[in-house]
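Participant: when you get a sec, could you give me coordinates for this:
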Amino acid sequence: MPSFDISSEVDMVALKNAVDTASKQITNRYDFKGTAAKIELNEKDNLITLLGDSDFQLDQVKDILLPAMEKKEPDSSKRLDHQDVQKVGGNKVKQELKIKAGIDTELAKKLVKLLKDSGLKVQASIQGDTVRVNGAKRDVLQEAIAFCKKSVTDFPLQFGNFRD
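Facilitator: Model (predicted):
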């Protein structure tokens, strides 16, 4: 019985490249000279920290980072969970962006429900942070992939582990 997995993995190499590219742009920009503007990536905690002198500067740093991320990996900015802006000593501000990896249970349940309601002859089951989809024929599974791509646009999904 053919099957495939729906998952959402972070390409840490592409993310690190995007952060490095954005950091270089920030150090080279004239309007950021002598300011606290910078981007830090904590790979262990899946966290990006943006630092700046003001909310406006923080927005500018974000405007540099997000397109760099999109250029390296499409839809990667959709997996960021923007935390509240925090005041740090003096007039400096920081914002943390959590990187969501894997499919959380809420999204997994939504995917299973979408596939059941679609009328396609497939069975979907949640397996940890992935969703396994089984079907009788390869064509039905390809329709299921197209349906999921069309239905879920607010989070990047990958379709892999296709087996006949």
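
Participant: off-centre distance for the helix or strand hosting A146?
Facilitator: Using DSSP states H and E, the element containing A146 is helix 138-151. Taking C-alpha atoms, centre = their mean, to the nearest Å, one finds the center of helix 138-151 at 21 Å from the center of the full chain.

Participant: same check on stretch 47-54?
Facilitator: 18 Å.

Participant: circling back: check which helices and strands the helix or strand that the helix holding A146 is followed by sits against.
Facilitator: Per DSSP H and E, the first helix or strand lying C-terminal to helix 138-151 is strand 158-163. Packing partners of strand 158-163 (3 or more C-beta pairs under 8 Å, 6 or more residues apart in numbering; DSSP states H and E): strand 3-7, helix 138-151. For the C-beta atoms, the positions are set from N, CA and C on the backbone; glycine is no exception.

Participant: show the average pLDDT along stretch 140-156.
Facilitator: What stretch 140-156 shows for mean pLDDT is 87.

Participant: same question, stretch 86-96
Facilitator: pLDDT averaged over stretch 86-96 gives 87.

Participant: CA-only coordinates of that stretch in CSV, if you can.
Facilitator: Written as CSV, here are the backbone C-alpha positions of stretch 86-96 (Å, rounded to 0.1, in the frame of the first residue of the first chain):
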residue,chain,number,x,y,z
GLN,A,86,11.5,43.6,25.3
LYS,A,87,13.3,46.6,26.7
VAL,A,88,16.9,45.9,27.6
GLY,A,89,19.1,48.2,29.7
GLY,A,90,18.9,51.8,28.6
ASN,A,91,17.1,52.5,25.3
LYS,A,92,18.0,49.2,23.7
VAL,A,93,15.3,46.6,22.6
LYS,A,94,15.3,43.0,21.7
GLN,A,95,12.9,40.5,20.1
GLU,A,96,13.1,36.8,20.0
